[in-house]
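Colleague: got a structure for you, letters missing:
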């Protein structure tokens with residue numbers, strides 16, 4: 001059952017689509033509401049204090065021009081949080097410009113003779129603002145809110161980059177696995193939602209037009225007017241309901257045993273943004289769903305190491321799979337330890353002392369970095385070791401992941417230890433990196449040792465002859481506080497200890513990356529084959 005029709009795919013994803021759509025609407029609604037609360041008073045201030053117009057418009061304009069990913073990254077650092085808070089702040093800042101600009105334009109656009117007439121009948125400046133200017137400017141203000149909301153729908157897809165949910169979860173996962181169906185599942189509803197949001201606000205704009213109030217249309221007209229005005233609230237209510245109640249069945253896997261251990265609760269599982277993480281994340285999630293009384297919440301496809309780690313430290317996540325080498329060099333900033341058992345002991349002890357995090361037993365595979373070239377190039381030039389690249393490095397094009405380009409156990413350290421500096425270095429998404437070398441766009445990549453595409457794309461990993469890369473054995477990392485409350489997690493996940501060797505992980509990754517299968521299905525089939533779950 002390798003090929004999945006669109007109908008089967010949609011049916012299997014309806015539960016998640018409903019949830020992500022609700023999350024998207026809530027994100028957009030909260031941010032636009034916050035932008036209205038900030039932007040309208042700012043515009044009124046700029047109207048009253050003319051000298052503030054240039055700095056106010058310049059400031060909100062600067063927010064609009066900042067790249068979305070950059071703003072999210074900055075807010076992650078400033079807030080010390082992942083997920084909702086940075087996403088809401090970013091979306092609010094992006095929504096400010098059209099609201100401030102349109103509100104100011106609408107208030108200034110009220111005719112001078114109307115203002116004079118208001119003053120002539122004894123209205124104060126405040127009364128003139130709220131009883132004359134604002135009602136007459138309302139269509140222009142609402143038009144600005146409409147623009148802000150439509151922009152927010154699009155920008156909100158990037159919020160999934162930091163785990164804030166929404167339709168961007170599908171797009172990110174689709175990009176990570178080169179899965180067109182997932183990308184379409186996120187992009188098309190987002191486009192439709194943008195049109196719906198625009199239409200809903202346009203209906204409210206129609207109902208709020210000053211001329212509309214003077215027209216006599218009887219009871220039907222009154223009903224239409226109030227219905228149109230209430231449409232935004234109905235859309236927001238739908239979003240809230242969708243996040244709390246789901247009419248579609250969630251895909252479940254039959255449990256091997258007839259009982260579940262432990263106490264009820266919720267466990268939030270995170271993963272990084274590549275295939276292998278999705279697969280082992282699903283294995284943990286499915287086992288915990290089957291064998292414990294915990295409700296599993298998946299927050300897969302977070303951006304990378306630091307975001308997953310911070311989410312765990314901040315208590316926003318409870319569990320995610322990490323690698324000993326990554327923990328040792330990127331998190332703890334320690335020197336490389338070549339011995340796998342010693343490396344595991346060091347990171348386990350340090351994590352518990354510094355962060356209150358517990359390393360459970362490793363899965364069994366070592367997903368170390370592997371400096372990799374095309375097999376044909378290796379044969380032609382006689383490359384077998386990383387050090388063989390030194391003489392040719394200046395003319396070679398390297399394609400690395402963004403993490404590898406910056407981490408001490410990546411390219412910076414490689415330059416120091418091997419004395420290698422490539423002619424050009426470009427950053428790629430982990431999935432696109434393999435396509436780049438296969439299509440001769442780069443000559444060298446930082447492949448992952450357990451990736452099935454190494455063989456499929458006829459690539460050749462080079463021997464780390466200087467022993468630069470530490471062991472990268474994967475293991476579950478869980479908050480100690482959560483583990484104290486739910487010790488059954490350790491017991492259940494112990495069933496995965498040592499079950500996955502390098503060859504097995506390569507095969508499972510290949511099933512997802514090249515055969516375009518769902519990581520959940522691949523994980524489930526493995527668990528069934530290992531006797532950890534009962535097959536359907």
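Modeller: Noted; the coordinates are in hand. Here the structure is a predicted model, which is why all the values come from computation and not from measurement.
Colleague: would you map out the domains in this structure?
Modeller: Domain assignment for the chain, taken from automatic domain parsing, gives 6-244, 261-366+475-529, 369-461.
Colleague: so which of those domains comes closest to residue 468?
Modeller: domain 369-461 (4.7 Å; CB to CB). C-beta coordinates here come from the backbone N, C-alpha and C atoms, glycine included.
Colleague: just the terminal-to-terminal distance for the closest one.
Modeller: 9 Å (CA to CA, to the nearest Å).
Colleague: what is the neighbour count of residue 527?
Modeller: 23 (other CB atoms under 10 Å).
Colleague: may I see the buried residues of the strand or helix carrying it?
Modeller: Using DSSP states H and E, residue 527 sits in helix 519-529. Neighbour counts over helix 519-529 (16 or more other CB atoms under 10 Å) mark 519-528 as buried.
Colleague: then stretch 356-371?
Modeller: So, applying 16+ other CB under 10 Å, buried residues of stretch 356-371: 357-360, 362-371.
Colleague: same question, stretch 445-465
Modeller: 445-454, 457, 459-462, 464.
Colleague: which one of those residues sits closest to residue 263?
Modeller: For the buried residues of stretch 445-465, the nearest to residue 263 is residue 450 (35.0 Å; CB to CB).
Colleague: what's near enough to touch the closest one?
Modeller: 276, 365-367, 502, 505-506, 509 (CB atoms under 8 Å, 6 or more residues apart in numbering).
Colleague: mind redoing it with 10 Å?
Modeller: 275-276, 365-368, 370, 472, 474, 500-510 (CB atoms under 10 Å, 6 or more residues apart in numbering).
Colleague: that one and residue 434: what is the separation?
Modeller: Using CB to CB, to the nearest Å, we find residue 450 at a distance of 13 Å from residue 434.
Colleague: now the strands: where do they sit in this structure?
Modeller: 261-270, 292-299, 319-323, 357-359, 369-374, 397-401, 424-428, 444-448, 459-461, 474-479 (DSSP state E).
Colleague: quick one on the thing from earlier: report all helices and strands that the helix holding residue 527 contacts.
Modeller: helix 168-177, helix 275-291, helix 502-513 (3 or more CB pairs under 10 Å, 6 or more residues apart in numbering; DSSP states H and E).
Colleague: which residues are contacting stretch 112-121?
Modeller: 110-111, 123-125, 127-129, 131-133, 136.
Colleague: now do the buried residues in that stretch.
Modeller: Within stretch 112-121, judged by 16+ other CB under 10 Å, the buried ones are 115, 118.
Colleague: model confidence over it, on average?
Modeller: For stretch 112-121, the mean per-residue pLDDT is 80.
Colleague: tell me how many other residues crowd residue 304.
Modeller: With other CB under 10 Å as criterion, residue 304 counts 18.
Colleague: what's near enough to touch it?
Modeller: 161, 272-274, 326, 330, 401-403, 407, 430.
Colleague: same check on residue 479?
Modeller: Contacts of residue 479 by CB under 10 Å, 6+ apart are 267-268, 312-315, 317-319, 355-358, 485, 489.
Colleague: quick one: the helices in the stretch 201-350 of the chain?
Modeller: 210-214, 218-244, 275-291, 305-313, 324-326, 340-355 (DSSP state H, counting those that start in this stretch).
Colleague: Serialize those to a markdown table and add fields for mean neighbour count, distance to residue 392 and mean pLDDT.
Modeller: Putting those into a markdown table (neighbours: other CB atoms under 10 Å; distance: least, CB to CB, whole Å; pLDDT from 0 to 100) gives the following:
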| stretch | mean neighbour count | distance to residue 392 | mean pLDDT |
| --- | --- | --- | --- |
| helix 210-214 | 10 | 73 | 54 |
| helix 218-244 | 14 | 54 | 79 |
| helix 275-291 | 24 | 30 | 93 |
| helix 305-313 | 21 | 31 | 88 |
| helix 324-326 | 25 | 27 | 90 |
| helix 340-355 | 16 | 32 | 94 |
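Colleague: ok, which of these comes nearest residue 154?
Modeller: helix 218-244 (16.5 Å).
Colleague: any chance of the buried residues of helix 519-529 in JSON lines, plus pLDDT and distance to residue 306?
Modeller: Below are those laid out as JSON lines (pLDDT from 0 to 100; distance: CB to CB, whole Å):
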{"residue": "519", "pLDDT": "90", "distance to residue 306": "23"}
{"residue": "520", "pLDDT": "90", "distance to residue 306": "26"}
{"residue": "521", "pLDDT": "90", "distance to residue 306": "30"}
{"residue": "522", "pLDDT": "93", "distance to residue 306": "27"}
{"residue": "523", "pLDDT": "94", "distance to residue 306": "25"}
{"residue": "524", "pLDDT": "93", "distance to residue 306": "30"}
{"residue": "525", "pLDDT": "92", "distance to residue 306": "32"}
{"residue": "526", "pLDDT": "94", "distance to residue 306": "29"}
{"residue": "527", "pLDDT": "94", "distance to residue 306": "30"}
{"residue": "528", "pLDDT": "92", "distance to residue 306": "35"}
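Colleague: of all these, which comes closest to residue 238?
Modeller: Closest to residue 238, out of all of these and judged by CB to CB, is residue 520, at 27.1 Å.
Colleague: the closest one contacts residue 173, doesn't it?
Modeller: No. Residue 520 is beyond contact range of residue 173, at 11.1 Å (criterion: CB atoms under 10 Å).
Colleague: and for these two, which residues touch both?
Modeller: With CB under 10 Å, 6+ apart as the test, residue 520 and residue 173 both reach 278, 300.
Colleague: still on that earlier bit, which one of the helices of the stretch 201-350 of the chain lies nearest to residue 45?
Modeller: Closest among the helices of the stretch 201-350 of the chain, using CB to CB: helix 210-214, at 24.2 Å.
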